[in-house]
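Engineer: Whatever this is, show me its structure:
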Amino acid sequence: MHEMSIALAVIDQVERAAQQAGDVTAVRSVRLQVGELAGVVPDSLSFCFELACAGTLLEGAELATDAVPGRARCAPCAHEWAVGMPPRLSCPACGGTSTELLAGRELQIVSVHWDDGRTHAPAREPIPEER
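Structural biologist: Residues are numbered from 1 along each chain as shown. As a prediction, this is how the structure comes out:
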């Protein structure tokens, strides 16, 4: 289950940001963008996040995920479409296979809510992929 390593990476990034901010005693919520093609199961990620937060600054924090639909563009005809799941990567307009994936692989922290009531948006760094 690679969702656990993703949850641990999110916790690590949020803890580092909280440490840099100083005087943060708890994190209330974390919001992520998760692309439908990122290979992440949001329910599994939420489960792992809750387990991994135990005993950390994020214990009890809510994890919210915003789904980002996959979109592609055909290089020859410039048609854009929702790729869906399973992904359709050949152009529905011309049948071309030279496509560019525009969206759907996102996996990044959008915002963090500390206990001081402020919302902090980190530099939108992608979460490192599992190795």
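
Engineer: which stretches of this protein form strands?
Structural biologist: Here the chain has its strands, by DSSP state E, at 27-35, 62-68, 71-74, 80-82, 99-103, 107-114, 119-120.

Engineer: between these, which one is nearest to residue 48?
Structural biologist: For these, the distance to residue 48 is smallest for strand 62-68, at 9.4 Å, taking CB to CB. In short, each C-beta sits where N, CA and C put it, glycine included.

Engineer: With just CA atoms, put that closest one into CSV.
Structural biologist: Extracted in CSV, the C-alpha atoms of strand 62-68 (Å, rounded to 0.1, in the frame of the first residue of the first chain):
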residue,chain,number,x,y,z
GLU,A,62,-8.5,16.2,8.9
LEU,A,63,-7.3,15.2,5.4
ALA,A,64,-9.3,16.7,2.6
THR,A,65,-8.7,15.7,-1.0
ASP,A,66,-9.6,17.5,-4.2
ALA,A,67,-9.9,15.2,-7.2
VAL,A,68,-8.3,16.5,-10.4
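
Engineer: Ok, which of the strands of the chain comes nearest residue 20?
Structural biologist: For the strands of the chain, proximity to residue 20 was assessed by CB to CB; strand 119-120 is nearest, at 10.1 Å.

Engineer: about what we covered before: now the strands of the chain in CSV, with distance to residue 55 and mean neighbour count?
Structural biologist: Below are the strands of the chain laid out as CSV (distance: least, CB to CB, whole Å; neighbours: other CB atoms under 10 Å):
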stretch, distance to residue 55, mean neighbour count
strand 27-35, 13, 20
strand 62-68, 16, 15
strand 71-74, 39, 19
strand 80-82, 41, 16
strand 99-103, 36, 15
strand 107-114, 18, 19
strand 119-120, 22, 14
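
Engineer: Redo the ones you listed as JSON lines? Include mean pLDDT and distance to residue 9.
Structural biologist: Conversion of these to JSON lines gives the following (pLDDT from 0 to 100; distance: least, CB to CB, whole Å):
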{"stretch": "strand 27-35", "mean pLDDT": "96", "distance to residue 9": "11"}
{"stretch": "strand 62-68", "mean pLDDT": "97", "distance to residue 9": "13"}
{"stretch": "strand 71-74", "mean pLDDT": "97", "distance to residue 9": "25"}
{"stretch": "strand 80-82", "mean pLDDT": "97", "distance to residue 9": "28"}
{"stretch": "strand 99-103", "mean pLDDT": "95", "distance to residue 9": "21"}
{"stretch": "strand 107-114", "mean pLDDT": "94", "distance to residue 9": "9"}
{"stretch": "strand 119-120", "mean pLDDT": "58", "distance to residue 9": "18"}
